[in-house]
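Asker: Here is my input, please return the structure:
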Amino acid sequence: MDVLLLSRLQFAMTTFVHFIFVPLTLGLSLLVAYMELKFVRSGDETYRRMAKFWGKLFLINFALGAVTGIALEFQFGTNWSRYSAYVGDIFGSLLAIEATLAFFLESTFLGVWIFGWNKLSPKMHNAAIWLVALAANLSAFWIIMANGWMQNPVGYVFGDGRAELGSFMSLISNEFAWHQFIHVLSASYVLSGFFVLGISAYHIAKGSNVDFFKKSFRIAAPFTLIFAIVVVVQGHSHGATVAKYQPEKLAAMESHWETRTQAPQYLLVIPDPSNQRNRLELFPIPGGLSMLAYHDFNAEVKGLNDFPREDHPPVMTTFLSFRTMVALGFLFPILAVWVWFKRKTPEDSPLLLRILPWIIPLPYIAVQLGWIVAEMGRQPWIVYGMMRTSEAVSPGITTAQVAGSLAGFMAIYGLLVALCVFLLSKYGRKGPAPAPAVQE
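Answerer: Sure thing, here's the model as predicted:
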């Protein structure tokens, strides 16, 4: 393996691990804020205990996630210095705003929330966690605007041999990036909803703190259903933006090789990338792909064979990741509807209670596959149509250096993931602190 491949593996691995933590932070912060709001409005102590219990799981996830994110930004200097020099004026400005505005806001008010339980009024304390939730989602906005620019570069001018910022408004109104942002956010909320539902179902099935977890279940049920539907509907819309701005990626996602009008959607496909065709195509929906991509059954969909071979994304990886993500994306609304109907009496459905804890990993898999589609489907470009990934790697670093740092990252990140799973499992199974005794 050369420096380029090792650097790609290193960035992919660290991003993959960091993105294990991010979605739960985005959604669980909102749920904790809402639970505490219910306490402020009703005075019901159960909701205060809920905010503390789910807030503890949020803090474990946040702390370990923040650690894993630090290394990503250093790699732009160590492994991708040519990329940083070429587009740093644009990409760097968005990351700087994320760190100095959103992350510091999130961290500051998280500290206020942790240490302010007995020092602030209930309303002020609740305001602190709402600001944490707002800042967490604002942080995601800036990061995705940066990634969206790599997918669809806009608002730049060339000067002094590199891309420079031409229009900040164009940068943050990037259509592709907004579709990504909504898709990632709604998927993260689905993940967080199933996280709360899974742990709640575990305790209800055991008969442990039943009233506490039935209330948690009832809060998470509509939250999960709404965003499970949003993911599917908005995902279709996002697919149309991919067709518009990155037709090679769309062709790879569908393993679509020949340009044609009324392009069918095959339900079963086995790609054969080495021969630039499909080995098997079964169950076509006439015009289905044209409709999905351009909202027109007669539209022309360009096939991979009409793009230069050197511009093809990795077809098999992109195709399998996309198809698996879509299958999971359709599973979640079905489960969420079932949960919705049982939200008031989940204890009457033992099968649902047994299933939900095992569902927790599936949204994690779905969001990771989504990132694989986004990033692998953009290859061979690091900035689509502007700079190839092979042109972005740092000069002067050796294979041994990158291999050594990759091994180190794998060991440290592996420990962090194991620690997170252990702590979330331990405290999730343990349940909330006992309710305070009522004084007579």
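Asker: C-alpha from now on. contacts and neighbour counts both.
Answerer: Will do.
Asker: Show me where the stretch 101-250 of the chain has its strands.
Answerer: Secondary structure of the stretch 101-250 of the chain by DSSP state E, counting those that start in this stretch: the strands cover 156-159, 162-165.
Asker: Which neighbouring elements make contact with the first one?
Answerer: When you say that, I think you mean strand 156-159. Counting contacts by 3 or more Cα pairs under 8 Å, 6 or more residues apart in numbering; DSSP states H and E, strand 156-159 packs against strand 162-165.
Asker: Number of residues surrounding the nearest residue to residue 198 once chain neighbours are set aside?
Answerer: Counting by Cα to Cα, 6 or more residues apart in numbering, the nearest residue to residue 198 once its immediate chain neighbours are dropped is residue 357, at 4.0 Å. The number of residues packed near residue 357 is 19, by other Cα atoms under 10 Å.
Asker: Show the average pLDDT along whatever helix or strand residue 357 lives in.
Answerer: Counting by DSSP states H and E, the element that carries residue 357 is helix 350-359. Summarised as a single mean, pLDDT over helix 350-359 is 96.
Asker: Give me the neighbour count for the residue lying closest to residue 416 once chain neighbours are set aside.
Answerer: Closest residue to residue 416 apart from its sequence neighbours, by Cα to Cα, 6+ apart: residue 64 at 6.7 Å. Counted with other Cα under 10 Å, the neighbours of residue 64 add up to 18.
Asker: buried ones in stretch 227-247?
Answerer: Within stretch 227-247, the residues that qualify as buried are 227-232, 234-243, 246-247, counting by 16 or more other Cα atoms under 10 Å.
Asker: Mind listing residues that contact that stretch?
Answerer: 152, 175-176, 179-180, 182-183, 186-187, 189-190, 249-250, 292-294, 302, 329-330, 332-333, 336, 378 (Cα atoms under 8 Å, 6 or more residues apart in numbering).
Asker: 7 Å - rerun?
Answerer: 152, 176, 179, 183, 186-187, 189-190, 250, 292-294, 329-330, 332-333 (Cα atoms under 7 Å, 6 or more residues apart in numbering).
Asker: Same question for stretch 363-381.
Answerer: 16, 20, 151, 187, 191, 249, 311, 313-314, 318, 321-322, 325, 328, 384, 387-389.
Asker: and what of stretch 342-357?
Answerer: Under Cα under 7 Å, 6+ apart, the answer for stretch 342-357 is 197, 198, 199, 201, 202, 204, 205, 217, 218, 221.
Asker: Which residues are in contact with residue 56?
Answerer: Applying Cα under 7 Å, 6+ apart, no residues contact residue 56.
Asker: Confirm it sits in a helix?
Answerer: Yes: Residue 56: assigned to a helix according to DSSP: H, G, I helix; E, B strand; the rest coil.
Asker: Check it and give its pLDDT.
Answerer: For residue 56, the predicted pLDDT is 94.
Asker: what's the spacing between it and residue 65?
Answerer: 14 Å (Cα to Cα, to the nearest Å).
Asker: Equivalent analysis for residue 384, please.
Answerer: For residue 384, the distance to residue 65 - Cα to Cα - is 28 Å.
Asker: Settle it for me: which of these two has more neighbours?
Answerer: For the pair residue 384 and residue 65, the greater number of neighbours falls to residue 65 (22 against 19), based on other Cα under 10 Å.
Asker: where does this protein dip in pLDDT?
Answerer: In the predicted model of the chain, residues 437-440 satisfy pLDDT under 70.
Asker: hmm, try it at 80
Answerer: 1, 435-440 (pLDDT under 80).
Asker: which residues of it fall in helices?
Answerer: Here the chain has its helices, by DSSP state H, at 3-42, 45-78, 81-97, 104-115, 122-151, 168-172, 175-206, 210-245, 247-254, 288-294, 315-341, 350-359, 361-376, 399-430.
Asker: so how far is the first one off the chain centroid?
Answerer: Same thing as helix 3-42. 8 Å (Cα atoms, centre = their mean, to the nearest Å).
Asker: That helix packs against which elements?
Answerer: helix 45-78, helix 122-151, helix 175-206, helix 399-430 (3 or more Cα pairs under 7 Å, 6 or more residues apart in numbering; DSSP states H and E).
Asker: Relative to residue 33, which of those is closest?
Answerer: helix 122-151 (5.5 Å; Cα to Cα).
Asker: And the closest one, what does it pack against?
Answerer: Using 3+ Cα pairs under 7 Å, 6+ apart: helix 122-151 touches helix 3-42, helix 81-97, helix 104-115, helix 175-206, strand 381-383.
Asker: Could you say which of these is packed most deeply?
Answerer: Highest mean neighbour count of these: helix 175-206, a mean of 24 (counted as mean count of other Cα atoms under 10 Å).
Asker: relative to helix 3-42, how tilted is that helix?
Answerer: With axes from the mean of the first three to the mean of the last three Cα atoms, to 10 degrees as the basis, helix 175-206 and helix 3-42 are set at 60 degrees to each other.
Asker: Against which helices or strands is helix 175-206 packed?
Answerer: Using 3+ Cα pairs under 7 Å, 6+ apart: helix 175-206 touches helix 3-42, helix 122-151, helix 210-245, helix 350-359, helix 361-376.
Asker: what number of residues lie near residue 309?
Answerer: Quick note: residue 309 (other Cα under 10 Å) scores 10 neighbours.
Asker: before we move on, what about residue 353?
Answerer: Residue 353 - counted by other Cα under 10 Å - has 23 other residues nearby.
Asker: Repeat that for residue 407.
Answerer: 12.
Asker: and what of residue 426?
Answerer: Residues near residue 426, counting by other Cα under 10 Å: 12.
Asker: What of the one 4 residues further on?
Answerer: The local packing of residue 430 (other Cα under 10 Å) involves 12 other residues.
Asker: ok, now the one 3 residues further on?
Answerer: The burial metric for residue 433, expressed as a neighbour count using other Cα under 10 Å, is 11.
Asker: for residue 121, same thing?
Answerer: 12.
Asker: That one and residue 97: what is the separation?
Answerer: Looking at residue 121 against residue 97, where the rule is Cα to Cα, the gap reads 31 Å.
Asker: got it, and residue 316?
Answerer: 36 Å.
Asker: Would you confirm that residue 24 contacts residue 192?
Answerer: Yes: Residue 24 lies in contact with residue 192 (Cα atoms under 7 Å); the separation is 5.1 Å.
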